[in-house]
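# Sequence and predicted structure, then a few things I'm wondering about:
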Amino acid sequence: MQDLGTLGGPNSTPQGVSADGAVIVGTAQIAVSQYRAFRWTAAGGMQNLGTLGGSYSGASGVSADGAVIVGSARDEDGFTQAFRWTVVGGMQNLLLGGAANGVSANGAVLTGSGGQYALRWTAADGWQYLGTLGGGLAVATGISADGAVIVGYSNNAANQRRAFRWTVGDGMQDLGALGGLSSRASAVSADGAVIVGTANNAAGLDHAFRWTVMGGMQDLGTLGGPLSGADAVSADGAVAVGYAYTSRDLLVHAFRWNAADGMEDLGTLGGSQSEANAVSADGAVIVGRANNAAGLDHAFRWTVMGGMQDLGTLGGLSSEASGVSADGAVIVGYADNAANQLRAFRWTVPDPDSDGDGLPDSWETEGCGIPLPTGGRLSLFDMGARPDRRDIFVEIDSMFGYAPHESAMQLVVDAFAAAPNSGIVLHLIDGGDPGLDPVPLPANAQLAFNLTSSYFGSEAERNSTDPEVIAKLAAKRLFMRHCVFVSAYCNEQGECPAGLAAGMPSNEFFVALGPFGAHASAFEYQAGTFIHELGHTLGLSHGGRVDDWSTRFNYKPNYYSVMNYLWIWPHVWNVGGWRLDYSREAWSDLDELSLAEHDGLRVPTGASVPQGTCVPFSNGNTTTGCAHAAPGWWADWNGDHLLTENPVSADINFPGAPGGAPGYDLLRGHDDWSNLVFNFRSSPYYLTGLLGGSRGTNDVGTCITPEIAAFLSVLTFPNNSLGDLNCDGAADVLDINAFVLALIDPAGYAAMFPDCNILNGDIDGDGQTTVLDINPFVDLLLGG
């Protein structure tokens, strides 16, 4: 983050950035309470654009090439006038009692406001009045790249504020609302075909909208709460960004919307709220502000691959990003410095990371690599990395007798290869040691990680005095995670978890399956524990995203992931639905104070979970409830064996189990794969293994223990016996009527047999009970 300085006073703020990020414009103080428009370039620094003879000027926009700047300034008589500035012509008075607030890509067309009127300017025609929608107000808020389309809002004859689209041929067009009375347009795509903003729905609530010529005004929805608003749109109109309220807690979160995925919650930086302000031309980079864990607003940069990145400050407490270059590589905004002065900043991607895997392209490019202090380079390309494909490196060491099976580790490699968005290449590196002494780890987690991290690299590398070898080992710490399979670890509370990570995210973790007896050598236990602990180092908690405490609850039925205790390993009850996988989509939130039984889990159509998988939950009875992971199934959340029409309250995530969380909570769904944190180098839990390196450990929470494993292994479920559709303990002719009911009216079957599993009728094993099961069912009854 670069401080752009001031013009002599304490503060400066940016208002626009050119398409290539080379020119930044805004307003800066020349002294306290004295402001001037500025133009900043790397070569010339901050340039005072002057005034029109008066005491004030401020820039509000810049052309795509940075050659034309617009804004407002006072003239010699003290009146505020719109201006257009160029390098050759300087500041031109456009003789409008108001301000120019928008400019076309080539700088030839301007938008402005004079009094209560929206206007358009060209050199040939001067200022043109755009009219109103019948009322006395019109404000322009956006202009297309060629200047042919202008958007904003205007009052109609009924004094209702409405979004408008203006063109030379059609004049000002009312875009309507979403069933309510008012609307306003915020931004327009480069070609003028897509407009975004905010509009009232029939309930009088503001919702974000996207408008097109063919489709009209589309409600973009919310994140579960009552309100939302769209503030910006990508150049091609495919991506809209803004803010929306979440469901139960009514917090404002930044969102990204596209036609394929709908509205996506971009999360926060560990705090409660966020808002998106701008988006790159292709919609891939979004910037704005978000709360961190301390409740302070920080500027962020969000990408699909990298998630939300904290851009920091200039030494002060807060910052906000307000604009981004077309390619997303340059971000502008304002931040506090150590003296509590507000300064314009420019932030650039230090070294592009095209695939978003936390490894700069220069490290992954052939012939390049990580520069070493000895003069050479460590080539990640030679180790298999590529700049256009996501890569993760993990060195594996093990104590003698506890090395993982190659087949178990291949299961994990295959899981990452099958990740959404073209997969992830997981490089598992043999640490090179023949087998470490199986010594018990210290109970103190800090000391335990001091020991395991000391095994990083081969014995020859660790003991080398060669400066080149030492430098390469240190360079490996910059990108390679480290796992040690140890005999056992028991913490200071006497708990013996199957593994532990140094933090979320971090680069150090271990697997400790010794206390789990025969399971220690089972492929699925080794693979499940390894990918679970690796998930912690990738920023995942036991319930989802690490930066949101509301996702950390254990045993969530709406979280289908190996990070969830319920799915880390296969058990008798989940073997049909178990997958070695992180969650691939966010299932619907479940508010334990208001659970709709007829909605069940509300599993998204096309979800990755095997059709009909029985997901356990605690329903207050001695038996565990079963919620079917398929659209259209209800769930007996309160355990009364009745389909209750009104919402019920129930603590459904096993409050009495080891690691459970008593109390009514909002259980959020979570998409793991889309929210992995690849780069651990900026984490406070990054263990460098060098003197002065961080040695903090994060509150990961207790990972699965023998007590938790024992609890999971004996869960009692509704009857799960093939052919026994009436749950009387036998598959016989008494099940025929129930089988027929399951075929023709699944919901009716669930209501009549709430303690039964409809998949008892899935005789052919295709994951659902259908007419294809009739013949196998008859054969079963006949003893075939």
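Received it, and whenever you're ready, just let me know what you need. Numbers count the residues shown, from 1 in each chain.
# contacts and neighbour counts: CA atoms only from here.
OK.
# What segments of the chain are helices?
With DSSP state H as the criterion, the chain has helices at 361-364, 406-417, 445-453, 459-463, 467-476, 523-537, 706-713, 736-744, 746-752, 774-781.
# Now do the contacts for Ala185.
Ala185 makes contact with Thr141, Val151, Gly152, Tyr153, Ala163, Phe164, Ile195, Val196, Gly197, Thr198, according to CA atoms under 8 Å, 6 or more residues apart in numbering.
# let's see it at 6 Å
Gly152, Ala163, Val196, Gly197 (CA atoms under 6 Å, 6 or more residues apart in numbering).
# Setting the sequence-adjacent residues aside, check what's closest to Ile429.
Leaving aside its sequence neighbours, Ile429 sits nearest to Glu395 (CA to CA, 6 or more residues apart in numbering; 4.5 Å).
# and that neighbour, bridged to which residues?
Glu395 has these beta-bridge partners by DSSP bridges: Ile429, His482.
# Could you report the neighbour count for it?
Neighbourhood size, Glu395 [other CA atoms under 10 Å]: 20.
# What separation do you get for it and Pro684?
Distance of Glu395 to Pro684, computed by CA to CA, to the nearest Å: 21 Å.
# One more: Asn619?
Asn619 is 39 Å from Pro684, by CA to CA.
# next one: Asp174
Shown here: Asp174 relative to Pro684, a distance of 52 Å by CA to CA.
# Contacts for stretch 524-539 next, please.
Under the criterion CA under 6 Å, 6+ apart, residues 408-409, 501, 504-507, 546, 562-563, 568-569, 676-678 lie in contact with stretch 524-539.
# Among these, name the ones in strands.
Counting by DSSP state E, the part of the contacts of stretch 524-539 found in strands is Ala501.
# Dig out what the closest residue to Ser228 other than its chain neighbours forms beta bridges with.
Counting by CA to CA, 6+ apart, the nearest residue to Ser228 once its immediate chain neighbours are dropped is Ala244, at 3.9 Å. Counting by DSSP bridges, Ala244 forms beta bridges with Ser228, His253.
# tell me the contacts of Ala244?
Thr222, Leu223, Leu227, Ser228, Val252, His253.
# now Asn619
By CA under 6 Å, 6+ apart, Asn619 lies in contact with Gly625, Trp637, Asn638, Gly639, Ile652.
# For those, please prepare TSV with the additional fields distance to Asn340, pLDDT and neighbour count.
Shown next, in TSV, are the contacts of Asn619 (distance: CA to CA, whole Å; pLDDT from 0 to 100; neighbours: other CA atoms under 10 Å):
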residue	distance to Asn340	pLDDT	neighbour count
Gly625	55	77	26
Trp637	52	88	29
Asn638	53	84	22
Gly639	57	78	19
Ile652	47	91	28
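# So which of the residues you listed sit within strands?
Checking the contacts of Asn619 against DSSP E, those in strands are Gly625.
# Ala123: which of the contacts of Asn619 is nearest?
Ile652 (67.3 Å; CA to CA).
# Excluding chain neighbours, what is closest to the closest one?
Nearest to Ile652 is Ser618, by CA to CA, 6+ apart, at 4.6 Å.
# What's the local residue count around that neighbour?
Neighbour tally, Ser618, other CA under 10 Å: 24.
# Show me the beta-bridge partners of it.
Thr624.
# right, and it touches Gly656 too?
No: with contacts counted by CA atoms under 6 Å, Ser618 stays clear of Gly656, the gap being 9.2 Å.
# for the spatially closest residue to Ile568 that is not a sequence neighbour, phi and psi?
Excluding the flanking residues, the one nearest Ile568 by CA to CA, 6+ apart is Val562, at 4.2 Å. The phi/psi pair for Val562 (degrees, to the nearest 10) reads phi -70, psi -10.
# got a list of what Val562 touches?
His532, Ile568, Asp581, Tyr582.
# mind checking how far the second one is from Asp355?
Ile568 sits at a distance of 28 Å from Asp355 (criterion: CA to CA).
# give me the number of residues near the nearest residue to Val279 once chain neighbours are set aside?
Spatially, and ignoring its direct neighbours in sequence, Val279 is nearest to Ile286 (4.5 Å; CA to CA, 6+ apart). Ile286 is flanked by 34 other residues according to other CA under 10 Å.
# list the contacts for Ile286?
Ala278, Val279, Arg301, Trp302.
# again, but for His670
Gly544, Ala586.
# One more: Asn450?
Contacts of Asn450 were listed using CA under 6 Å, 6+ apart, and none were found.
# And the pLDDT at it?
Per-residue confidence (pLDDT) for Asn450: 88.
# can you check the one 4 residues further on too?
Per-residue pLDDT puts Ser454 at 90.
# Over to Leu642?
pLDDT for Leu642: 67.
# and what of Thr212?
Looking at Thr212, its pLDDT reads 94.
# Identify, from the contacts of Val562, the entry nearest to Val239.
Minimum distance to Val239 across these is 26.2 Å, recorded for Tyr582 (CA to CA).
# pretty sure Gln430 is in contact with Phe393, am I right?
Rather than Gln, residue 430 is Asp. No: using CA under 6 Å, Asp430 is not in contact with Phe393, being 10.8 Å away.
# Low-confidence ranges, the stretch 101-250 of the chain, go.
For the stretch 101-250 of the chain, the stretches flagged by pLDDT under 70 are 248-249.
# rewinding a little: and the residue nearest to Ile429, what is it in contact with?
Glu395 makes contacts with Leu428, Ile429, Asp430, Gly431, His482, as judged by CA under 6 Å, 6+ apart.
# Neighbour-wise, give me the winner out of these.
Highest neighbour count within those, by other CA under 10 Å: His482, with 27 neighbours.
# wait, doesn't that one sit right on Glu508?
Yes: with contact defined as CA under 6 Å, His482 reaches Glu508; the gap is 5.0 Å.
# Spit out the contact partners of Trp166.
If you count contacts by CA under 6 Å, 6+ apart, Trp166 has them with Val149, Ile150, Met172.
# what's the spacing between it and Asn737?
In this view, Trp166 and Asn737 are 66 Å apart by CA to CA.
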